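> return a 3D structure for these sequence lines:
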Amino acid sequence: MPRTNMSQRAYIKIALSFALCWLYIAPAQADVVDEQHKRATAAATRSDWQQAANDLERALDLLPGRSAQLSYNLGTAYAHLGDNGRATYHLRRALQPEAVPSAEIAEAARRNLGIVRSRIETAAAAAGTQINPPETWWDLVLTAVRAPSVGIVALVSGWLAFFIWGFRSWRKEQVRGFTSVTGSLVAVLLVIFVAVGALHGLSLRADQTSPVAIVLPSQAHVREAPGQHRKQLFSVQGGSQVRIVERAHGWCQIRLTGGLGGWVPESVLGELHGARRRQRAQMQQAGDAT
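Numbers count the residues shown, from 1 in each chain. Presented below is the predicted three-dimensional model:
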C-alpha cells in the first residue's frame, strides 16, 4: 500500500510538471486570441460584421496553427459583408484537413459556401466576368486524398504488405489456405499503397507546382502579360478558384478550369495552402488592386 501511494504521488507530480510547462509556454498568446474572439462574438451579436471580421483577422494572426472555427467565423462574417472573395477563401480554409474541422463546422461551412457561390454566379452573369465551374466529384476526391492521414494510410499499407509478404515467404511450409489468404491480403495492401499513395503524391505535387488560390476582390482584371499597361484579356469574378502557374515581379499567371488564363497582381489572390502571414499581407493589399 505505501508503495502504491508513493507511485501515485510521483505520477501526479510528473503530470503536474508537464501541465505547468505547457501553461508556461502558451497562456499569454492563447488569452489574447480568446479575447479577440470574444470581441468578435460581441460585434457579431450587434451585427457589426466589419468589426467582427477585423477582430477575427487579428485572432488568426496571433494563432500559431490553424483553426477551423476561426476560419469559419471569419468567412461567415465576410459573407454577411457581401465580400464573396474573402468569404470563399476563409470558408474553404475551414474545410481543409490541416484545420481539423468538426463534422458540424464542415457542414455549416459547405452550406455557407453554397450560398456565397450562388451570389458569385449571379454577380458574374450580371457583370459578364469569368468564373470557375462548380467543383466536380473528382475535385472532392483530390481534396480528400490531400490530407496527411491519407499519406500515412498509404505508407502503412505498403509496410504491412512488405512484412506480410516476408512472413509468408518465411513460412512456406504452412497450409495452402493460409498462403492464399495472405497473398490476397498483400495484393489488397499493395493496391492501396500504389493507388492511394499515387493520388496523394500527385495532389501534393499539384499544390506545389500550381497552387490553388481564390480571387479576393469583387473583380480582377486579367492581362496578357505582367504590368498594368498590358492589354486586358478579361475579368474574373471575386471568389473564383484559380491555379497559379507562374510568378514574376509581383504578378501571377493564373489558369481557370478549361485553360483560360492570364496575369493578375499577386495581391489579389489568396493561396489556400500558403503561409498565413503571406496571405494576410496579400489580403490587405487586395482592396487597392484592380
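
> does the closest residue in space to Ile164 that isn't next to it in sequence lie in a helix or a strand, and which?
If the residues on either side of it in the chain are set aside, Ile164 comes closest to Val186, at 5.3 Å by CB to CB, 6 or more residues apart in numbering. (C-beta placed from N, C-alpha, C; glycine too.) Val186 is part of helix 176-209, with elements assigned from DSSP states H and E.

> can you name the next helix or strand after that helix?
Downstream of helix 176-209, the first helix or strand assigned by DSSP H and E is strand 212-215.

> buried set for the helix or strand encompassing Ser157?
Using DSSP H and E, Ser157 falls within helix 148-170. For helix 148-170, a neighbour-count test (16 or more other CB atoms under 10 Å) marks Val150, Gly151, Val153, Ala154, Ser157, Gly158, Leu160, Ala161, Trp165, Arg168 as buried.

> re earlier: what pLDDT, on average, does the helix holding Val186 get?
Regarding helix 176-209, the rounded mean pLDDT is 68.

> tell me the buried residues in whichever helix or strand Gly114 is part of?
Secondary structure assignment for Gly114, by DSSP H and E: helix 103-127. Neighbour-count burial for helix 103-127, with 16+ other CB under 10 Å as criterion, is recorded at Ile105, Ala108, Ala109, Asn112, Leu113, Val116, Arg117, Arg119, Ile120, Ala123, Ala124.

> most centrally placed residue in this structure?
By CA atoms, centre = their mean, the chain has its centre lying nearest to Gln96, at 3.2 Å.

> which residues touch that residue?
For Gln96, the contacting residues are Arg66, Leu272, His273, by CB atoms under 8 Å, 6 or more residues apart in numbering.

> how does it look with 7 Å?
For Gln96, the contact set (CB atoms under 7 Å, 6 or more residues apart in numbering) comprises Leu272.

> phi and psi next, for it.
Note on Gln96: backbone dihedrals following degrees, to the nearest 10 are phi -70, psi 140.

> ok, it to Ala106 distance?
For Gln96, the distance to Ala106 equals 10 Å [CB to CB, to the nearest Å].

> same check on Thr88?
Going from Thr88 to Ala106 by CB to CB gives 16 Å.
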